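Novice: Quick check, what structure comes out for this input:
(one chain, ligands or ions: 2)
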Amino acid sequence: MWILPAEALSRVVLPSWTWGDVVVAEAVRIRDVGASVGAHESEWARVLSHLKAEVGEAAYASWLRPMRVERVDDGEAIVSAPTRFLRDWVVNHYADRLLALWRAENHRMTGVSIVVGAPRGGGLDGSSERRENAHSPTVAEPAVVVEMGDDKTQFAALDQRFTFENFVVGKPNELAHAAARRVAEACASAVHTVPFNPLFLYGGVGLGKTHLMHAVAWHVRRQACDRKVIYLSAEKFMYQFIRALRFKSTMDFKEQFRSVDLLMIDDVQFISGKDSTQEEFFHTFNALVDQNRQIVISADKSPSDLEGLEERMRSRLGWGLVADLHPTTYELRLGILQSKAEHSGVRISQKVMEFLAHKITSNVRELEGALNRIIADMQLIGREVTLETAQELLRDLLRSCERRVTIDEIQRRVAEHFNIRLSEMTSERRARAVARPRQIAMYLAKQLTTRSLPEIGRKFGGRDHTTVMHAVRKIEELTLSDRALAEDVELLRRMLQS
Ligand code: ADP
Ligand code: MG
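Specialist: Numbers count the residues shown, from 1 in each chain. Ligands and ions are numbered 1, 2, ... in the order given. Just a heads-up that it's a prediction; the model follows:
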């Protein structure tokens, strides 16, 4: 068994210098034992298990298994390796991934310091001696601190959190996700293939287009760092092009893009309309496709619906695979909340998450915003957030999400959707073909309006509030087991809220 020195590592960074893109700090002072190790052990275990899956059993056993998390201080983890050689190896080969994976587990993690510590099992390194010296600070081997961000390469704009590991897959995004993964794997493989060119991802705001593109870039960067990947927004593309025109360096501009293995341009709807940029984009695009280089494009609409785009461009964009990200379903929203809450290491009650998943239906960004507010509150006040406090905290957000929907409107829409007469909403008929739509309408009335159960009951032909309650429960249950019904409900909800 490994005996921790009676002191843990408390980092005192002396003057530091950069080494590649990590910062090397000169020394580490050893001081009292950190109490926070336990809480982060499980995060560390998950980080290691992800890394093991990525690097394979042998590399894992040689380099990673011997490492131990010593403590976590203010988002800064201190991990020890038994020897200097091992420490350097890990820093050179796995530091970025360690940090990225840890950030995926816990987004507050801002850095990982890798230090040389005593080997587990005592003995050689004289851990008993260290224990004796418990209270006299000693200077240990140099530490290496991997800092976040400030990578000056093409990847400067990549968000650490936007990886495939952090992307929750559900019905609405499974095609886009699978396609993005295919592209990433193909691009990173030794025999560089191009499964579909371009991959065109489209969908409304905040549904994960940028996340998927960054995930592709991370994957390629990790698996095949020699590949040249460029990710940029269409606006940046335009800006660079216009600059190149001004400084008469269009050749360089072209070269830069034409030598890439993977070009990703986000939000191309912003290119539409600008003739010269479109022209340049078109040529770049064709040159890359001809050379069998992969292109990934995103937009808020499908190629055929993009306005202000030349016809030849439009048709060219649709040549590869066009994959759309549909609005989220309740299940996906709940899945995303659960995943994000887990990563942030905060326990949030299931009720609160269900409430958020029900109420914040617009997009994932807003959903995240709501969750972050709740997490911030929990951390500041240090108390459990209940359904009531969540409602209170998110009042303004919820209000803006709730367009005033009336019960009449709900009844009319639902009747239209299921092709039944409006009068069935208030009728006594119990045939499934009318009773189910009626229950859906009651459910939506409960979800989308502020009316009470008795009020809703009255609007449905003077039914009792328990009937409404039963309908709400029934539909809740069915949305979990009956996919078609869940989609109907989601579609109606969107229609009513838009
Ligand atoms: P878009 O580019 O489509 O407007 P983004 O990719 O910027 O949307 O996504 C908005 C936010 O929602 C990001 O923080 C992203 O991580 C998150 N997000 C979207 N979809 C998912 C998903 N399926 N799983 C996890 N996070 C998601
Ligand atoms: Mg985006």
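
Novice: lowest confidence element among the helices and strands of the chain?
Specialist: strand 16-19 (a mean of 25; mean pLDDT, DSSP states H and E).

Novice: Pull up the gap between the residue in the chain positioned nearest to ligand 2 and ligand 1, please.
Specialist: At 3.2 Å from ligand 2, residue 210 is the closest residue in the chain, using CB to the ion. Where you see a C-beta, it was placed from the backbone N, CA and C, and this is true even at glycine. Distance check for residue 210 against ligand 1: by CB to the nearest ligand atom, to the nearest Å, it reads 3 Å.

Novice: Residues in contact with stretch 465-485: which ones?
Specialist: Stretch 465-485 is contacted by residues 171, 330-331, 436, 438-440, 442-443, 445-446, 452-454, 456-457, 460, 486, 489 when judged by CB atoms under 8 Å, 6 or more residues apart in numbering.

Novice: hmm, try it at 7 Å
Specialist: 330, 439, 440, 442, 443, 446, 453, 454, 456, 457, 486, 489 (CB atoms under 7 Å, 6 or more residues apart in numbering).

Novice: repeat for stretch 251-260
Specialist: Outside stretch 251-260, the residues touching it (CB under 7 Å, 6+ apart) are 228, 229, 230, 240, 241, 244, 263, 284, 287, 288, 293.

Novice: Enumerate every residue touching the residue of the chain closest to ligand 2.
Specialist: Residues near residue 210 by CB under 7 Å, 6+ apart: 162, 266.

Novice: Distance from the helix or strand containing it to the middle of the chain?
Specialist: Using DSSP states H and E, residue 210 sits in helix 209-223. Helix 209-223 sits 11 Å away from the centroid of its parent chain (CA atoms, centre = their mean, to the nearest Å).

Novice: and residue 189, how many neighbours?
Specialist: Neighbourhood size, residue 189 [other CB atoms under 10 Å]: 12.

Novice: quick one on the thing from earlier: who does the following helix or strand past the helix holding residue 210 pair up with?
Specialist: Once the chain leaves helix 209-223, the next helix or strand it forms, by DSSP H and E, is strand 229-233. Next to strand 229-233 in the sheet, as set by DSSP bridges, lie strand 262-266 (parallel).

Novice: The partner strand to helix 209-223, inter-axis angle?
Specialist: 160 degrees (axes from the mean of the first three to the mean of the last three CA atoms, to 10 degrees).

Novice: now check strand 262-266, is it near ligand 1?
Specialist: No - for strand 262-266 and ligand 1, the contact criterion (CB under 6 Å from any ligand atom) is not met; the two come no nearer than 6.9 Å.

Novice: shaky segments in the stretch 101-250 of the chain?
Specialist: 118-157 (pLDDT under 70).

Novice: What parts of it come near ligand 1?
Specialist: Within the stretch 101-250 of the chain, the positions lying close to ligand 1 (CB under 6 Å from any ligand atom) are 162, 166-168, 173, 203, 205-211.

Novice: quick one: stretch 427-438 to chain centroid distance?
Specialist: Worked out by CA atoms, centre = their mean, stretch 427-438 lies 41 Å from the chain centre.

Novice: wait, stretch 223-237
Specialist: 19 Å.

Novice: and what of stretch 201-210?
Specialist: On CA atoms, centre = their mean, the centre of stretch 201-210 falls 12 Å from that of its chain.

Novice: Then stretch 344-352?
Specialist: 17 Å.

Novice: got the buried residues for it?
Specialist: 344, 345, 346, 348, 352 (16 or more other CB atoms under 10 Å).

Novice: OK, contacts around the last one?
Specialist: The contact partners of residue 352, by CB under 7 Å, 6+ apart, come to 374, 385, 387, 390.

Novice: For the longest helix along the chain, buried residues please.
Specialist: The residue-count maximum for a helix in the chain (DSSP state H) belongs to helix 84-105. Within helix 84-105, the residues scored as buried using 16+ other CB under 10 Å are 86-87, 89-91, 94-105.

Novice: what are the ranges of the strands in this structure?
Specialist: Along the chain, the segments classed as strands by DSSP state E run 7-10, 16-19, 22-25, 29-32, 68-73, 76-81, 111-116, 138-139, 143-147, 199-203, 229-233, 262-266, 294-299, 321-325.

Novice: Give me the mean pLDDT for the last one.
Specialist: This points to strand 321-325. The average pLDDT for strand 321-325 rounds to 93.

Novice: residues from the stretch 201-350 of the chain in reach of ligand 2?
Specialist: With CB under 5 Å from the ion as the criterion, the stretch 201-350 of the chain meets ligand 2 at residues 209, 210.

Novice: again but with the stretch 51-200 of the chain, I slipped
Specialist: Counting by CB under 5 Å from the ion, no residue of the stretch 51-200 of the chain sits close to ligand 2.

Novice: What about the chain, which residue is the most distant from its middle?
Specialist: Largest separation from the mean C-alpha position in the chain: residue 428, at 47.2 Å (CA atoms, centre = their mean).

Novice: and residue 411, what does it touch?
Specialist: Going by CB under 7 Å, 6+ apart, the list of residues near residue 411 reads 422, 425, 441.

Novice: Filter those down to just the ones in helices.
Specialist: Using DSSP H, those in helices are residue 441.

Novice: which among the contacts of residue 411 end up buried?
Specialist: 425, 441.

Novice: Can I get the contacts of residue 411 in CSV including pLDDT and distance to ligand 1?
Specialist: Listed next are the contacts of residue 411 as CSV, based on pLDDT from 0 to 100; distance: CB to the nearest ligand atom, whole Å:
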residue, pLDDT, distance to ligand 1
422, 95, 37
425, 96, 35
441, 97, 29
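
Novice: Roughly how far does residue 187 sit from residue 493?
Specialist: 38 Å (CB to CB, to the nearest Å).

Novice: ugh, wrong one, residue 68
Specialist: Residue 68 is 49 Å from residue 493, by CB to CB.

Novice: Those two: which is more packed in?
Specialist: The neighbour count for residue 68 versus residue 493, taken as other CB under 10 Å, is higher for residue 493 (23 against 19).

Novice: Report pLDDT for that one.
Specialist: pLDDT at residue 493 comes out at 87.

Novice: didn't it look like it was pressed against residue 361?
Specialist: Yes - with contact defined as CB atoms under 7 Å, residue 493 counts as touching residue 361 (6.3 Å).

Novice: and the residue nearest to residue 454 when sequence neighbours are not counted, how many residues sit next to it?
Specialist: In space, and not counting its chain neighbours, residue 454 is closest to residue 465: 4.4 Å by CB to CB, 6 or more residues apart in numbering. As a burial measure, residue 465 scores 14 neighbours (other CB under 10 Å).
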